[in-house]
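> Below are the sequence and a predicted model for it; my questions follow.
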Amino acid sequence: MQEANKSNNYADQDWHELLVLAHNRCGQNARKLSRELDQPFTTLLKWLKKQKTPKSPEELKKALIVYLEKPFVCGVNPNVLARIWQAMRCMRKFSAAEIVSVTGASADYCRQVIRLMCRCRYLRLVSNDPRIFLLVRDTGPRPPAMNKKRTALIDNNIEQEVAA
């Protein structure tokens, strides 16, 4: 997880290295990457195999940098709370709107989770306008669960209930 938080200097890499990074990030799914970059699938395959170079490598490089710097949540997890937890761990500093956009969860549910995590001291409010939160207690990859009354978190990493 520490390596994921290091900032990458994508500007120092050439377009093909960035293309390979983006291809690996998509799970080596060239069709998905072609949709993300709005490029034809067959052209993208030729670029990956270095059979062809783009007409404007600098424009492609800019598009790849934009894609690689977006927050990334790998895989589609059916558990909404797990997606929220994973996004929080990846981003560290975030707003509720960012979590909603990255995870696809409802805004109300995200606000409930953030409110409970703040009360349990997993998150801290960094900025009030806009409301930016910081993950201060990252106990591990397994997502916490909420009790039925939503007054405490059950941390699956340390196997304890954390009351608000």
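Right, received. Where do you want to start? Keep in mind that what you see is a predicted model, and the values were worked out from it rather than measured.
> Spell out which residues make up each domain of this protein.
Under the assignment automatic domain parsing, the domains of the chain span 2-69, 80-163.
> Show me which positions of stretch 90-99 end up buried.
90-91, 94-96, 98-99 (16 or more other CB atoms under 10 Å). Yep, even glycine has a C-beta here, placed from its N, CA and C like the rest.
> Mind putting the domains of the chain into JSON lines with mean pLDDT?
Converted to JSON lines, the domains of the chain look like this (pLDDT from 0 to 100):
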{"stretch": "domain 2-69", "mean pLDDT": "83"}
{"stretch": "domain 80-163", "mean pLDDT": "92"}
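> Need the winner for burial among these.
domain 80-163 (a mean of 16; mean count of other CB atoms under 10 Å).
> centre of the chain versus that domain, how much separation?
Domain 80-163 sits 14 Å away from the centroid of its parent chain (CA atoms, centre = their mean, to the nearest Å).
> Do me a favour and get the end-to-end distance for that domain?
In domain 80-163, first residue to last residue: 21 Å (CA to CA, to the nearest Å).
> check contacts around residue 157.
Residue 157 makes contact with 139-142, 144, according to CB atoms under 8 Å, 6 or more residues apart in numbering.
> Then it would be within a helix, right?
No - using DSSP: H, G, I helix; E, B strand; the rest coil, the assignment for residue 157 is coil, not a helix.
> State the distance from the residue of the chain most remote from its centre to residue 143.
Here the chain reaches farthest from its C-alpha mean at residue 51, the gap being 32.0 Å by CA atoms, centre = their mean. Residue 51 is 43 Å from residue 143, where distance means CB to CB, to the nearest Å.
> which stretches of the chain form helices?
Under the criterion DSSP state H, the chain contains helices at 2-5, 15-25, 30-37, 41-48, 57-69, 80-91, 96-103, 107-119.
> could I get those as JSON lines with distance to residue 156?
Converted to JSON lines, these look like this (distance: least, CB to CB, whole Å):
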{"stretch": "helix 2-5", "distance to residue 156": "20"}
{"stretch": "helix 15-25", "distance to residue 156": "27"}
{"stretch": "helix 30-37", "distance to residue 156": "30"}
{"stretch": "helix 41-48", "distance to residue 156": "39"}
{"stretch": "helix 57-69", "distance to residue 156": "30"}
{"stretch": "helix 80-91", "distance to residue 156": "10"}
{"stretch": "helix 96-103", "distance to residue 156": "18"}
{"stretch": "helix 107-119", "distance to residue 156": "14"}
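> Good, we can wrap up now.
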